[in-house]
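> Below is the structure, and that's it, no one-letter string:
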Ligand SMILES: Nc1ncnc2c1ncn2[C@@H]1O[C@H](COP(=O)(O)OP(=O)(O)OP(=O)(O)O)[C@@H](O)[C@H]1O
């Protein structure tokens, strides 16, 4: 199987770079995908708002009504100034004041309702998008995920989904709300005095243009911040996951330099971002103050000519204060759209990764008569290509009878793990086919196939749960104590379970750190044995086992084959091959030699009377 070192070297990754004498070389970040425009983001992600659109529309309605209520409040301010204040008459105070209080209360309630509705829609959208992305990534070939920096993948699933939400749900609602607020306040101001309304509306483009100008500058910096942030996460992730190697090889100084380099980039980008943000506030305030002074100046002239009342002028200044926030928000729209558009592109890149294999379009069974047949495996002319390199497998044909114990051996890189990947359909062959019980693997529902063919991977993967949870992983219903005891006995796990502090309830820790390598191996084996599929594929299961445990494992596997299960075991341990019914020796992607024990079960497709199936 290709190793981590291979994968990292291929990806131009951490280890490859750190090997150089140049010191703190920093990995090149993969090029960022081109940013998506807002309409593109909406087209792509709008379907995920299904079921939330009513809440979004409700929120927009609430915000709009709140703006109308605010505009009525401003009108009432004008009435109060020109009536009660101008004439010093308390009688003219109570009625408008009461209405104003009610209207303000209504505006507050509407704003609250709008915020709650938006949050409910946006949080549910985020949850759905994260689940969708997570689910999709689990259909992608595991090696495709291994190729990428984990930190970067996590940042896309956690952070970029938030940005996409912003553009699709909360940002969409608030932008529509801001646009409506500008229209409503604009109309209300126009009704008071068209001349002052023109002044107010003339100031609006200035605020908008200023924010747009700043946006362009901020975008480049925020991109740099984002990239530097991703590099920092990846560097930390690689340092920590390779901590044992770093310590054993005195790699701390190199890691420190690497971290200093990426941290420095993040620091510089953040400082630039802060400087720009610090300029934005005062500049906006300057333009707003200029607008306010213009309104007051022209207002004073209008009051002198009798075209405007003091209340009217106060109303205008209030309109200005209410108008600028939505105008500013609209001006910053470009920034939000561009930074979220970048996030969306990063997310779409993950979502566009092709699943390793596809469900069959038609699950019609062609070989009806053998669907319930034994789980013999027929590998027919299978080739797996690797661009620019020799074929990983080349025209391999094999038959493994149901109930046989087949061992696959061969030097490193011979194609053993590639064969395993094909049997569990982590990928499909580029040519040829594999049949199980007579049916092409591609014609079976994936779920059914994965229940039928159990894989024991080379690496004993562990979740940070209890031993029991790890053993029963992937079993739909709690199997109960009996089958678990049987699996732990057959795998040899029972031997050490009693010595664990809480037996089956012991927490195994991150990646099973609380267990030894051999213990992890046996728990993984128990997990595989607990599953009831008719084929068991084991990739180097004896690594980490002592000779006695390896012998016991063979005994267990022989028990399984006696019960009719087919076992394919990849091993470098040639001492084990004498227990096999078939030994398949691979070399350079081809079957070099096939040794069949005389006692080996016959393949169902080779039995007389089943010849027609070969044609099917
Ligand atoms: N993801 C990959 N992309 C391209 N080529 C690959 C990939 N993984 C493996 N290979 C190549 O395919 C060939 C077969 O690799 P494979 O992992 O199947 O060998 P193996 O016999 O299992 O080796 P080992 O005993 O070291 O695990 C090798 O030449 C390897 O470099």
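Sure thing, it's come through. Here the structure is a predicted model, which means the values were calculated and not measured.

> Could you say which helix or strand holds the closest residue to the ligand within the stretch 251-400 of the chain?
In the stretch 251-400 of the chain, no residue comes nearer to the ligand than residue 392, which is 3.6 Å away by Cβ to the nearest ligand atom. C-beta: built from backbone N, CA, C; applies to glycine. Per DSSP states H and E, residue 392 falls inside strand 389-400.

> and if you look at residue 383?
Assigned by DSSP H and E, residue 383 falls in strand 377-386.

> what angle separates that strand from strand 389-400?
Relative orientation of strand 377-386 versus strand 389-400 (axes from the mean of the first three to the mean of the last three Cα atoms, to 10 degrees): 180 degrees.

> buried residues in strand 377-386?
Buried residues in strand 377-386, counted by 16 or more other Cβ atoms under 10 Å: 377, 378, 379, 380, 382, 384.

> List the contacts of the first one.
Each residue near residue 377 by Cβ atoms under 8 Å, 6 or more residues apart in numbering is listed here: 398, 399, 400, 423, 434, 435, 436, 535, 566, 568.

> tell me, which of those make contact with the ligand?
Restricting those to those within reach of the ligand (Cβ under 6 Å from any ligand atom) leaves nothing.

> can the residues you listed go into CSV with extra columns for distance to residue 446, pLDDT and neighbour count?
Output for these, formatted as CSV (distance: Cβ to Cβ, whole Å; pLDDT from 0 to 100; neighbours: other Cβ atoms under 10 Å):
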residue, distance to residue 446, pLDDT, neighbour count
398, 23, 90, 19
399, 24, 91, 20
400, 21, 91, 26
423, 13, 93, 19
434, 14, 94, 21
435, 16, 92, 23
436, 13, 90, 25
535, 15, 93, 22
566, 19, 93, 27
568, 19, 94, 25
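
> Now, the residues you listed that are in helices?
residue 423 (DSSP state H).

> Quick one: neighbours of residue 281, just the number.
Neighbourhood size, residue 281 [other Cβ atoms under 10 Å]: 9.

> quick one on the thing from earlier: check whether the strand holding residue 383 contacts the ligand.
Yes - using Cβ under 6 Å from any ligand atom, strand 377-386 reaches the ligand at residue 386.

> List the pairing partners of that strand within its sheet, with orientation.
Using DSSP bridges, strand 377-386 pairs in its sheet with strand 389-400 (antiparallel), strand 431-436 (antiparallel).

> could you give the mean pLDDT of that strand?
What strand 377-386 shows for mean pLDDT is 93.

> Ok, stretch 284-292 next?
Averaged over stretch 284-292, pLDDT sits at 81.

> same deal with stretch 48-64?
Averaged across stretch 48-64, pLDDT comes to 95.

> Give me the residues contacting it.
For stretch 48-64, using Cβ under 8 Å, 6+ apart, the contacting residues are 110-111, 113-115, 117-118, 120-121, 124-125, 128-129, 132, 168-169, 172-174, 176-177, 180-181, 184.

> on that earlier part again, list the buried residues of the strand holding residue 392.
In strand 389-400, counting by 16+ other Cβ under 10 Å, buried: 391, 392, 393, 394, 396, 398, 399, 400.

> again with stretch 344-358
Buried residues in stretch 344-358, counted by 16+ other Cβ under 10 Å: 344, 345, 346, 347, 348, 350, 351, 356, 357.

> One more: stretch 286-299?
Result for stretch 286-299 [16+ other Cβ under 10 Å]: buried residues 287, 288, 291, 292, 294, 295, 298, 299.

> between those residues, which is closest to residue 279?
Taking Cβ to Cβ as the measure, residue 279 lies nearest residue 287 of these, at 12.6 Å.

> before we move on, back to that, how far away is the residue of the stretch 251-400 of the chain closest to the ligand from residue 426?
Distance of residue 392 to residue 426, given as Cβ to Cβ, to the nearest Å: 13 Å.

> before we move on, what about residue 514?
As judged by Cβ to Cβ, residue 514 and residue 426 stand 29 Å apart.

> now do residue 413
To residue 426, residue 413 is 18 Å away according to Cβ to Cβ.

> on that earlier part again, residue 219 is nearest to which of the strands paired with strand 377-386?
Taking Cβ to Cβ, strand 389-400 is the member of these nearest to residue 219, at 40.7 Å.

> which residues sit in contact with residue 534?
Counting by Cβ under 8 Å, 6+ apart, the residues that residue 534 touches are 374, 375, 402, 437, 452, 453, 564, 565, 566.

> if we can go back for a sec, format the buried residues of strand 377-386 as CSV; extra columns: distance to residue 485.
Shown next, in CSV, are the buried residues of strand 377-386 (distance: Cβ to Cβ, whole Å):
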residue, distance to residue 485
377, 30
378, 36
379, 36
380, 40
382, 39
384, 40
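
> Quick one: name the residues of the stretch 251-400 of the chain near the ligand.
Contacts of the stretch 251-400 of the chain with the ligand, taken as Cβ under 6 Å from any ligand atom, map to 386, 392.

> Try it again at 8 Å.
Proximity of the stretch 251-400 of the chain to the ligand (Cβ under 8 Å from any ligand atom) is limited to residues 384, 386, 387, 389, 390, 392, 393.

> residue contacts, the fifth one?
The neighbourhood of residue 390, defined by Cβ under 8 Å, 6+ apart, consists of 588, 589.

> what's the lowest-pLDDT member of the buried residues of stretch 344-358?
Confidence-wise, residue 356 trails the rest of the buried residues of stretch 344-358, at 81.

> three-state assignment of that residue?
Classification of residue 356 using DSSP: H, G, I helix; E, B strand; the rest coil returns coil.

> tell me the contacts of it?
Counting by Cβ under 8 Å, 6+ apart, residue 356 touches 139, 140, 141, 142, 144, 425, 426, 427.

> May I ask which of those residues has the most neighbours?
Neighbour tally across these (other Cβ under 10 Å): the maximum, 18 neighbours, falls on residue 425.

> Name the helix or strand for that one, please.
Using DSSP H and E, no helix or strand contains residue 425.

> wouldn't residue 552 be in contact with residue 493 here?
No - Residue 552 lies out of contact with residue 493 (Cβ atoms under 8 Å); the separation is 11.1 Å.

> Common neighbours of the two, please.
Counting by Cβ under 8 Å, 6+ apart, residue 552 and residue 493 have no shared contacts at all.

> Measure how buried residue 594 is and give me the count.
By other Cβ under 10 Å, the residues close to residue 594 number 13.

> Ignoring the adjacent residues along the chain, who's closest to it?
residue 584 (5.7 Å; Cβ to Cβ, 6 or more residues apart in numbering).

> Quick check on that neighbour: phi, psi?
phi -110, psi 110 (degrees, to the nearest 10).

> Torsion angles phi and psi at residue 565?
The phi/psi pair for residue 565 (degrees, to the nearest 10) reads phi -80, psi 140.

> So it versus residue 349, what's the distance?
According to Cβ to Cβ, residue 565 stands 41 Å off from residue 349.

> Would you tell me which residues of the stretch 51-200 of the chain are close to the ligand?
143, 147.

> can you pull out the helices in the stretch 51-200 of the chain?
Ranges of helices in the stretch 51-200 of the chain, per DSSP state H, counting those that start in this stretch, are 53-80, 86-87, 91-137, 142-147, 150-155, 161-165, 171-192, 194-241.

> Pick the most deeply packed of those helices.
Most buried of the helices of the stretch 51-200 of the chain, by mean neighbour count (mean count of other Cβ atoms under 10 Å): helix 161-165, with a mean of 23.

> So which other helices or strands are in contact with it?
Other helices and strands packing on helix 161-165, by 3 or more Cβ pairs under 8 Å, 6 or more residues apart in numbering; DSSP states H and E, are helix 91-137, helix 333-351.
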